[in-house]
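K.L.:
Predicted model, plus sequence, below.
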Amino acid sequence: MRFRNPFKKSRYPNPAIDDLFRKQGEFDPALEKIVSSLPDLADAIRQGASALLQKTLIEQIAEYDKRTGRELVKRIDEDKSEAMLQKLTSMMLLTVYEELAAQFQDPAVPSYLTSALHYDLYKVIPGEEGFVEYLHYQNPHFDDPAMAPAHKFGNDIAAILSISDQLFYLIIAQQAVVISDVSKQLIRWVLFDEEIVPPASTQ
């Protein structure tokens, strides 16, 4: 464990950014722009997660209820809703990490930046929970490692609602693609000034 010097003043209020600065020194303009944009990205992630909770989970669970005759939606109280929101936000943060990993050769940089974003959201540095457990999760049954987080997400949501059903798991796991796509658009909009492309009309 590395101990901070109690007499050394922090340059950044976010401890993950302060640690990155101590490790790397002065930030180049591109990194500085990302660092300064993290609070805005946290706001976008927070709002996006609330919208995605309704679209990718509540609405999908309601459709599942119609197909199976179950009444899972009625079981979703405030605690379960918050637990699902945290899992969904962790999937969004995983996408943040993956997008940033494509920008930096040093793998420590996206880790520090995503931890900083987690801090902006929750005012705590992540431990082994949250996006970190999705990042490190592996499943030998998948030839494509990218499938593993979606698998875990489906199982996590099923566990929150205390349901064991392969159909439910598959429906929720498939929503990981939607969560990732929306997250990528938010990330690239806030950090890299790219326009958000609306979904193609189906009419």
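P.N.:
Perfect, I can see it now.
K.L.:
Thought residue 157 was touching residue 84, still the case?
P.N.:
Yes - with contact defined as C-beta atoms under 8 Å, residue 84 counts as touching residue 157 (5.9 Å). For every residue, glycine as well, the C-beta is placed using N, CA and C.
K.L.:
anything in contact with each of the two?
P.N.:
Shared contacts of residue 84 and residue 157 (C-beta atoms under 8 Å, 6 or more residues apart in numbering): residue 57.
K.L.:
Who has more neighbours out of the two?
P.N.:
residue 157 (25 against 22; other C-beta atoms under 10 Å).
K.L.:
elements contacting whatever helix or strand that one lives in?
P.N.:
The secondary structure element spanning residue 157 is helix 147-160 (assigned by DSSP states H and E). With contacts taken as 3 or more C-beta pairs under 8 Å, 6 or more residues apart in numbering; DSSP states H and E, helix 147-160 sits against helix 78-101, helix 131-136, helix 166-192.
K.L.:
Helix or strand with the lowest mean pLDDT in this protein?
P.N.:
Here the helix or strand of the chain ranked lowest by mean pLDDT, DSSP states H and E is helix 131-136, holding a mean of 88.
K.L.:
Show me what counts as buried in that helix.
P.N.:
Using 16 or more other C-beta atoms under 10 Å as the test for burial, helix 131-136 gives 131-135.
K.L.:
next one: stretch 90-104
P.N.:
Within stretch 90-104, the residues that count as buried by 16+ other C-beta under 10 Å are 90-101, 104.
K.L.:
sorry, back to before: least confident of the helices and strands packed on helix 147-160, on average?
P.N.:
Among the helices and strands packed on helix 147-160, helix 131-136 carries the lowest mean pLDDT, a mean of 88.
K.L.:
Against which helices or strands is that one packed?
P.N.:
Judged by 3+ C-beta pairs under 8 Å, 6+ apart, helix 131-136 is in contact with helix 78-101, helix 147-160.
K.L.:
ok now that helix, how far from the chain's centre?
P.N.:
Distance of helix 131-136 from the chain centroid (C-alpha atoms, centre = their mean, to the nearest Å) equals 10 Å.
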